[in-house]
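Visitor: Below are the sequence and a predicted model for it; my questions follow.
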2 protein chains.
Amino acid sequence: MEAGVLSKEEKKREVEVRPRNWLVPVILLTLREWNSYGYELMERTAAFGFEAMNPGTLYRTLRQMEKDGVVESKWETSRGGPARRMYTITDAGEAYLDFWAEALEQYRRNMDAFFRLYTGRPLMNNKNDKEEENE
Amino acid sequence: MEAGVLSKEEKKREVEVRPRNWLVPVILLTLREWNSYGYELMERTAAFGFEAMNPGTLYRTLRQMEKDGVVESKWETSRGGPARRMYTITDAGEAYLDFWAEALEQYRRNMDAFFRLYTGRPLMNNKNDKEEENE
DNA sequence: CCAACCTATGTGTATTGTACACATATATAC
DNA sequence: GTATATATGTGTACAATACACATAGGTTGG
């Protein structure tokens, strides 16, 4: 394999940087601002990295979130056009969001550690032995 | 569901904040510092959020990375104790790492946007209509 | 000497978050 | 009345990681 450029193999899987469980918090955060519904949420989640969000994934996630009690929904039919399932964040949802944000902070520290090491300066020499440097 | 505290349901799945594809870059970054092997890498990946890394997952990932050409390995037997499969990062591996780090920067912006919104100040009022605030 | 233990690598299978493909229904515009 | 935008949904696939378990070499101590 050649160096310097990425092989077709690697390009294919592109690099996807996004935390797992990113979708749920993003939805919750958005709903904390305004009540909303699936179709609209799709646009807004794009701002957080879900650029080509698949509708099915979003709708299913919303249903699951309702089962989990972090959101509630009811149909909104008083309007032209197809009915919308309007979602509201629950108290449990806000609690979950807070919990998640806290965890995100911890992760940010991990990411910073990554960058410190990446950008050159080795954090420390706390490795007991490093005899396998070269052979 | 009660608010303020997390339900058993939510506690069970804990909040796992870590980007997808985090393991591979962490391994590559570590190998860029020193050549290493699975057993040792387990300790080091812990520093980046893989606190209870399962051996199987790590070893399988390393093999896959070798197939992808981002690392190379050879047995090290000149030592007491079980043989170690020593890994070295390849040029392609370094290129991949660079590529990934760049993508990570973009994600960091998403995360910052999340925090700005989370910590109160609404980014903007660029939403066309928000009639569903209350009903 | 052989049993217990640490080191070290591995396989088989499950889980989970999201992706992809596709289906359906309601209104409005032409 | 059919095309289009809006809106919600199901079935299935996939990839990253988790979990459970197996194996084998070497060292230590009774």
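Guide: Okay, I see it.
Visitor: how close does A:Leu58 sit to A:Arg44?
Guide: Using CB to CB, to the nearest Å, one gets 11 Å for the distance from A:Leu58 to A:Arg44. To be clear about C-beta, it is placed using only N, CA and C from the backbone, and glycine gets the same treatment.
Visitor: same deal with A:Val70?
Guide: Between A:Val70 and A:Arg44 the distance is 17 Å, computed by CB to CB.
Visitor: Repeat that for A:Thr88.
Guide: Using CB to CB, which is the criterion applied here, A:Thr88 is 15 Å from A:Arg44.
Visitor: Equivalent analysis for A:Asp98, please.
Guide: Going from A:Asp98 to A:Arg44 by CB to CB gives 20 Å.
Visitor: So for those two, which sits in the more crowded spot?
Guide: Between A:Asp98 and A:Arg44, counted using other CB atoms under 10 Å in any protein chain shown, the more crowded position is A:Arg44 (19 against 14).
Visitor: Now for the nearest residue to the more buried one once chain neighbours are set aside, which secondary structure element holds it?
Guide: Leaving aside its sequence neighbours, A:Arg44 sits nearest to A:Thr30 (CB to CB, 6 or more residues apart in numbering or on different chains; 5.1 Å). Mapping A:Thr30 onto the secondary structure by DSSP states H and E places it in helix A:23-33.
Visitor: Just confirm yes or no for that helix near DNA strand D.
Guide: No: using CB under 7 Å from any atom of the strand, helix A:23-33 stays clear of DNA strand D, coming no nearer than 12.3 Å.
Visitor: List the contacts of the helix or strand following that helix.
Guide: Later in the chain than helix A:23-33, the nearest helix or strand by DSSP H and E is strand A:36-37. With contact meaning CB atoms under 8 Å, 6 or more residues apart in numbering or on different chains, strand A:36-37 is reached by A:Thr30, A:Arg44, A:Glu76, A:Arg84, A:Arg85, A:Met86, A:Tyr87, B:Glu132.
Visitor: for the longest helix seen in chain A, packing partners?
Guide: Among the elements of type helix in chain A, defined by DSSP state H, the one spanning the most residues is helix A:91-118. Applying 3 or more CB pairs under 8 Å, 6 or more residues apart in numbering or on different chains; DSSP states H and E, one finds that helix A:91-118 makes contact with helix A:23-33, helix B:8-12, helix B:23-33, helix B:91-118.
Visitor: With distance to A:Tyr118 as extra columns, can I get the ones you listed in CSV?
Guide: Putting these into CSV (distance: least, CB to CB, whole Å) gives the following:
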stretch, distance to A:Tyr118
helix A:23-33, 26
helix B:8-12, 34
helix B:23-33, 6
helix B:91-118, 5
